[in-house]
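Participant: what follows is a predicted structure for the sequence shown.
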Amino acid sequence: NSDMEEEERGDLIQFYNNIYIKQIKTFAMKYSQANVMDAPPLSPYPFVRTGSPRRIQLSQNHPVYISPHKNETVLSPREKIFYYFSNSPSKRLREINSMIRTGETPTKKRGILLEDGSESPAKRICPENHSALLRRLQDVANDRGSH
């Protein structure tokens, strides 16, 4: 067909070395250490509010949240279960999944086998107004039970 022009084909390596490199070199040199004063501004880092980390609830049915990792002292496992990606053991993730399925918080404490063959409850319910000494004793018992 006479309307169709013949396509010009060439060597890709020749194009890269003779055309592309010459065109991109002037652009790339703007960012070199030698041209700091002439360099165009770079995009700023995104602003992250450190004062109030964003906490997102994953489900309306379960109190499961995700939030940025904080380098603070961690609450005890009785209050919350934490999972840090690339840091926590896989067992912790299984505990969280189990908690969501059953609605019960996993505990490290084991029940005591009683004389009649039944098992005592693993967690003792303490009255609301227990003293600091009782809380401390409970913490010691929890620490010993987890080792």
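Facilitator: Structure received. All values reported here derive from a predicted model rather than from experimental measurement.
Participant: low-confidence ranges in the protein?
Facilitator: In the predicted model of the chain, residues 1-4, 35-36, 38-42, 44-53, 68-81, 83, 104-133, 145-147 satisfy pLDDT under 70.
Participant: can you give me the helices for it?
Facilitator: Under the criterion DSSP state H, helices of the chain are mapped to 12-15, 21-29, 90-102, 132-145.
Participant: show me the strands in the chain, by range?
Facilitator: Ranges of strands in the chain, per DSSP state E, are 56-57, 65-66.
Participant: so which of those is the most packed in?
Facilitator: Stretch with highest mean neighbour count among these: strand 65-66 (a mean of 12; mean count of other C-beta atoms under 10 Å). For glycine as for every other residue, the C-beta is placed from the backbone atoms N, C-alpha and C.
Participant: distance to Ile21 for the strands of the chain - can I get that in TSV?
Facilitator: Compiled in TSV, those are given as follows (distance: least, C-beta to C-beta, whole Å):
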stretch	distance to Ile21
strand 56-57	47
strand 65-66	46
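Participant: out of the ones you listed, which gets nearest to Asn17?
Facilitator: strand 65-66 (49.7 Å; C-beta to C-beta).
Participant: can you list contacts of that closest one?
Facilitator: Residues from elsewhere that reach strand 65-66 (C-beta atoms under 8 Å, 6 or more residues apart in numbering): 55-58.
Participant: alright, I will stop here.
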